[in-house]
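# Dropping a prediction and its sequence here:
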Amino acid sequence: MTIDNKIKSFTLQELLVTIIITAIVAGMAFSVLNMVQKHMWSIQKHMTANTTLIQLEQSLWIELNRYPIAEYNSQQSVLKLKSEIDSVSYHFSNDYIIKAKDSFNIKLKSKAFYFNGHIANSGSIDALKLTLGKSPNEKTLFVYKRSDANQFIK
């Protein structure tokens with residue numbers, strides 16, 4: 001009578017191969033996770049920049065059409081929008097634009113102000129063009145005011 005006392009198990013080589021394959025799969029998973037995180041950070045940065053740009057455009061559009069008087073001072077680099085009751089100012093810098101307690105962190109490449117279709121270096125304006133960013137991602141923001149008789153009266 002023979003008694004078979006063998007216990008079924010994996011060999012050391014089989015366990016090592018399994019561990020190596022598991023390590024390779026885990027390494028690939030972490031690599032993919034890292035790429036996805038970098039991509040998400042890039043999307044978030046792009047989304048933040050676009051949101052800031054949209055907020056600036058909406059703010060300029062609403063206030064340029066709300067206030068009857070719009071004047072630009074090129075020496076101080078300030079756009080002042082006025083009415084009989086209230087006023088608001090936009091201070092332009094190369095790295096940001098400040099409006100009261102709001103600041104728009106936007107790299108400003110160039111700015112141009114217009115009155116009645118002609119470039120206005122200072123004084124009354126009815127439109128403005130801001131060029132933002134660097135060459136490949138350069139964006140242009142153009143905001144204009146609906147014409148009314150008040151802007152022609154001094």
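Happy to help now that I have it.
# where do the helices sit along the chain?
Per DSSP state H, the chain carries helices over the ranges 12-66.
# got any ranges where it has weak pLDDT?
1-3, 135-136, 147-154 (pLDDT under 70).
# Spatially central residue in it, please.
Central residue of the chain (C-alpha atoms, centre = their mean): Ala49, 0.8 Å from the mean position.
# residue contacts, it?
Counting by C-beta atoms under 8 Å, 6 or more residues apart in numbering, Ala49 makes contact with Ile106. In short, each C-beta sits where N, CA and C put it, glycine included.
# Equivalent analysis for Leu33, please.
With contacts defined as C-beta under 8 Å, 6+ apart, Leu33 has no neighbours.
# which strand in this protein runs the most residues?
Using DSSP state E, we find that the single longest strand of the chain is strand 108-115.
# That one packs against which elements?
In terms of contacts (3 or more C-beta pairs under 8 Å, 6 or more residues apart in numbering; DSSP states H and E), strand 108-115 is packed against strand 127-132.
# by contact count, what packs against the strand it packs on?
For strand 127-132, the packing partners by 3+ C-beta pairs under 8 Å, 6+ apart come out as helix 12-66, strand 108-115, strand 139-144.
# between those, which gets nearest to Lys6?
Lys6 sits nearest to helix 12-66 of all the helices and strands packed on strand 127-132, at 16.1 Å, using C-beta to C-beta.
# okay, now Leu130: neighbour count?
22 (other C-beta atoms under 10 Å).
# cool, and the one 4 residues further on?
Using other C-beta under 10 Å, Lys134 has 8 neighbouring residues.
# how near is it to Leu108?
11 Å (C-beta to C-beta, to the nearest Å).
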